[in-house]
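J.: What would the 3D arrangement of this be:
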Amino acid sequence: MSYETFILLSAVLVAVLLGAGVLGWLARRRRHRDLVAPQAPDGFKAVLDAPILYVATTTAGDPYDRVAVHGLGFRARGRIAVGPSGVVLDLPGTAVLVPVADILGVERATWTIDRVVEPGGLIRITWRLGDRELDTYLRVTERDEPVLAAIQDIQPHPTASGAAA
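T.: Numbers count the residues shown, from 1 in each chain. Below is the predicted model:
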């Protein structure tokens, strides 16, 4: 095989792999198109606001099934606001409201898709969006105890706190 043939076949292989990745991402977005995340209302009253590193939102119980719609598909820097009406994830291009009635639990976690941290270094918020249960993973860039406590204070379905997944 000549050098030129090898380069050509390598370029074709890379193009096929990139195309497969794009098609897979588009299929994931189609599977999640029925999810309609509520937007944060104007005048949301926050009792706590903190900077975060948003890691992922996945199907509850399946930390490999990333949700790919409404700006929830990619890691980002953002802010979390906790108030009596719920939790707002303020991410680039979107501000998703997790209504207090839909919060099913909050606890510490250690890993999710493409991210592993020290034990208990992530906060996992389990919530309901329509008929689906989701897990949202985030890392508070400052002290995370106040954020964890604030969400635990408003959640209608208390869970054991401090458990590491």
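J.: tell me which residues in the longest helix that the chain contains are buried?
T.: Taking DSSP state H as the criterion, the chain has its longest helix at helix 3-31. By neighbour count on 16 or more other C-beta atoms under 10 Å, the buried set for helix 3-31 is R28. Using the backbone N, CA and C atoms, a C-beta is placed for each residue, glycine as well.
J.: following that helix, which helix or strand shows up next?
T.: Per DSSP states H and E, the first helix or strand lying C-terminal to helix 3-31 is strand 48-59.
J.: Could you name the helices and strands sitting against that following strand?
T.: Applying 3 or more C-beta pairs under 8 Å, 6 or more residues apart in numbering; DSSP states H and E, we find strand 48-59 packed against strand 62-66, strand 76-83, strand 86-91, strand 111-112, strand 132-140, helix 145-154.
J.: which one of those lies closest to K45?
T.: Closest to K45 of those, according to C-beta to C-beta: strand 76-83, at 4.8 Å.
J.: Run the chain-centre distance for that closest one.
T.: Centroid separation for strand 76-83 versus its chain: 12 Å, with C-alpha atoms, centre = their mean, to the nearest Å.
J.: Run the angle between it and strand 132-140 for me.
T.: Following axes from the mean of the first three to the mean of the last three C-alpha atoms, to 10 degrees, one obtains 110 degrees for the angle between strand 76-83 and strand 132-140.
J.: What lies in contact with strand 76-83?
T.: 40, 44-54, 87-92, 138, 140, 147, 150-151, 154 (C-beta atoms under 8 Å, 6 or more residues apart in numbering).
J.: winner for burial among the helices and strands packed on strand 48-59?
T.: strand 86-91 (a mean of 23; mean count of other C-beta atoms under 10 Å).
J.: what pairs with it, and is each one parallel or antiparallel?
T.: The pairing partners recorded for strand 86-91 under DSSP bridges are strand 76-83 (antiparallel), strand 94-99 (antiparallel).
J.: Including mean pLDDT, could those go into a markdown table?
T.: As requested, the strands paired with strand 86-91 are exported to a markdown table (pLDDT from 0 to 100):
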| stretch | mean pLDDT |
| --- | --- |
| strand 76-83 | 95 |
| strand 94-99 | 90 |
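J.: Out of these, which gets nearest to L17?
T.: If you check each of those against L17 by C-beta to C-beta, strand 76-83 wins as the nearest, at 25.3 Å.
J.: Quick one: work out the angle between the closest one and helix 145-154.
T.: Between strand 76-83 and helix 145-154, the angle comes out at 50 degrees (the same axes, to 10 degrees).
J.: If anything else comes up later, I'll come back, but that's it for now.
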